[in-house]
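Q: Next come a sequence and a model predicted from it.
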Amino acid sequence: MCSARNSLAALIAAGFLLAAAGPAPAAEARASVPPAADVRTLLNKPAKKLFGHQKTPAHLPPEPIGFYSRGCAAGNVAIPLTGPAWQVMRPHRNRYWGQPRLIAFLRKFARDAKRKVGWRGLLIGDLSQPRGGPMLTGHASHQIGLDADIWLTEMPGRVLTTKERNTISATLMTLDRKRINPQRFTMRHARLLKLAASYGEVQRIFVHPPIKKFLCDISRGNPDRRWLAKIRPLYGHNYHFHVRLRCPKGAGYCKDQGDPKPADGTGCGKHLAYWYSCKPWRSCKIVRKGPPAPPPKLFHDGIPLPRPRPRRLVPPPPKTLAWLPKQCRTVLVAP
């Protein structure tokens, strides 16, 4: 990995030297982005548009660059759309790319799930884009090739057509934000998640809060509950779970999130209770202290007052290429 990092560093340096020497022929051949000499013209362009339109990976040594929600990926590879124990869903999005480490993990996990859990096969959702980076729609993370969404629906016993993969709806595993659907989420799902958490390279697994609660409840009294610390509650994960791998050793450009270390060792206490409060859902009722506020004044000396204009929410400006790590500029323009 050290030699790979040195190679990437050399390529990055070469990319910036090209600004004085002129465009490289390989970069000229790609019409989607300017040659390295002109990469500075892209610094203020929305990063999600630059990376979201890339169709092929950067032919550089594998390297996750930056943080999971602020980075890119060199040397991504595609997972085959159909494997012995998996099928890729939504292939039209072109988000079935990841670092070789992630693809190797998914192959191993799919094989082990079939053998140890009796899971027919994985339905794999979004991984990353060919060059990582921010996406046009959806995820804030999945940018460095170390994140994978896996459906909680078991793979059928046949190969799905392309149309089916792009249109079939996933199955919700919850009744609402506090309760799982016991007819859909079963002990087999729990064993699948425990298996996913058992791998050393897995740092976090995001699930909907009631799924975490179910896992905590069924594990009560079990002496080995340490794996539960990796299971992190987060809304939006009621039909799939999100696996995040740790940064590989020696990946000098990768910013690791760090292992989750809940105070109770499992995350089944205060951390989970937070997700059962009103705070994360912004549904808390505001209790005003003191006398009620007077009604707004509508008239002055019999003359109607102008009504206050509603507050307009101005969306934040899009994140630009300059916002990403500098190494992502080389990843963007590499052949």
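A: Noted; the coordinates are in hand. Numbering: from 1, shown residues only.
Q: make it CA atoms for all contacts and neighbour counts henceforth
A: Fine.
Q: Which helix or strand contains residue 103?
A: Mapping residue 103 onto the secondary structure by DSSP states H and E places it in helix 100-112.
Q: Can you give me the buried ones in that helix?
A: When neighbours are counted by 16 or more other Cα atoms under 10 Å, the buried residues of helix 100-112 are found to be 100, 101, 102, 103, 105, 106, 107, 109, 110, 111, 112.
Q: Would you mind putting those into CSV with distance to residue 133 alongside?
A: Rendered in CSV, the data for those read as follows (distance: Cα to Cα, whole Å):
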residue, distance to residue 133
100, 17
101, 17
102, 16
103, 18
105, 21
106, 21
107, 23
109, 25
110, 26
111, 29
112, 30
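Q: if we can go back for a sec, could you point out which element follows the helix holding residue 103?
A: Next along the chain after helix 100-112, with elements defined by DSSP H and E, is strand 122-124.
Q: which stretches of the stretch 1-150 of the chain form strands?
A: Taking DSSP state E, counting those that start in this stretch as the criterion, the stretch 1-150 of the chain contains strands spanning 63-67, 70-74, 77-78, 82-83, 86-88, 97-98, 122-124, 147-151.
Q: just so I know, which of those strands lies nearest residue 267?
A: Shortest separation from residue 267 across those is recorded for strand 147-151, at 21.1 Å, computed as Cα to Cα.
Q: so how far is the helix or strand following the closest one from its chain's centroid?
A: Tracing the chain past strand 147-151, the next element assigned as helix or strand by DSSP H and E is helix 162-167. Centroid displacement of helix 162-167 relative to its chain, using Cα atoms, centre = their mean, to the nearest Å, is 22 Å.
Q: List every C-alpha atom in helix 162-167, with coordinates, as CSV.
A: Coordinates of the C-alpha atoms in helix 162-167 are reproduced here as CSV (Å, rounded to 0.1, in the frame of the first residue of the first chain):
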residue,chain,number,x,y,z
THR,A,162,-32.3,-5.7,-15.9
LYS,A,163,-35.8,-4.2,-15.9
GLU,A,164,-36.6,-5.9,-12.6
ARG,A,165,-33.4,-4.8,-11.0
ASN,A,166,-34.2,-1.2,-11.9
THR,A,167,-37.9,-1.2,-10.9
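Q: Buried residues of it, list them for me.
A: If you call a residue buried by 16+ other Cα under 10 Å, then helix 162-167 has these buried ones: residue 165.
Q: same deal with stretch 186-203?
A: If you call a residue buried by 16+ other Cα under 10 Å, then stretch 186-203 has these buried ones: 189, 190, 191, 192, 193, 194, 195, 196, 197, 201, 202, 203.
Q: In three-state terms, how would the first one be classified?
A: Secondary structure assignment for residue 189 (DSSP: H, G, I helix; E, B strand; the rest coil): helix.
Q: ok, residue 88 - contacts?
A: For residue 88, the contacting residues are 80, 81, 82, 96, 123, 124, 125, 165, by Cα atoms under 8 Å, 6 or more residues apart in numbering.
Q: Now render these as a markdown table, adding pLDDT.
A: Supplementary listing: those in a markdown table, determined by pLDDT from 0 to 100:
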| residue | pLDDT |
| --- | --- |
| 80 | 98 |
| 81 | 98 |
| 82 | 98 |
| 96 | 99 |
| 123 | 99 |
| 124 | 99 |
| 125 | 98 |
| 165 | 98 |
